[in-house]
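Peer 1: dropping the sequence and predicted coords here.
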Amino acid sequence: MRADIDYSPSRAVTQIRIAQKRVTEKSKVRNQNSLVVFKTKNESFYFFHHLNDFIFLELPKFGIALFYFYSRTFENVEAAKDEAMKVIKEVY
């Protein structure tokens, strides 16, 4: 359990509604630059996320890592890649 998250019922329901709205949105074209795919040579699975901000998955079986910004949009893939690398260096 992370101490910095408000676990009140109203906050949890609000976060679920935000996530549900994002998933059910028909057009995801404006978010296409929010997904960054990396090649990886690591041999073990790795995962981290920040609630309603981003998720990182490393899939060694396929030799890739995926980084996705839930709510941020970027002009191009390079801007998203730079921001993802900054987060990965801080957390990984």
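Peer 2: That came through, no problem. Numbers count the residues shown, from 1 in each chain.
Peer 1: shaky segments in this structure?
Peer 2: In the predicted model, the chain carries pLDDT under 70 at residues 1-7, 22-23, 25-31.
Peer 1: quick one: the strands in this structure, in order.
Peer 2: 35-39, 46-50, 54-59, 64-69 (DSSP state E).
Peer 1: relative to strand 54-59, how tilted is the last one?
Peer 2: Going by axes from the mean of the first three to the mean of the last three Cα atoms, to 10 degrees, strand 64-69 is angled at 170 degrees with respect to strand 54-59.
Peer 1: which residues touch strand 64-69?
Peer 2: Residues outside strand 64-69 that contact it (Cβ atoms under 8 Å, 6 or more residues apart in numbering): 31, 34-40, 42, 46, 53-59, 80, 83-84, 87-88. Placement of C-beta: from N, CA and C, glycine included.
Peer 1: just stretch 42-52 next, same as before
Peer 2: Residues contacting stretch 42-52 (Cβ under 8 Å, 6+ apart): 5, 15, 18-19, 55-60, 65, 70-71, 91-92.
Peer 1: beta-bridge partners for the residue lying closest to Thr40 once chain neighbours are set aside, please?
Peer 2: Distance criterion Cβ to Cβ, 6 or more residues apart in numbering; nearest residue to Thr40, sequence neighbours excluded, is Ala65 at 4.6 Å. Beta bridges link Ala65 to Phe38, Glu58, judged by DSSP bridges.
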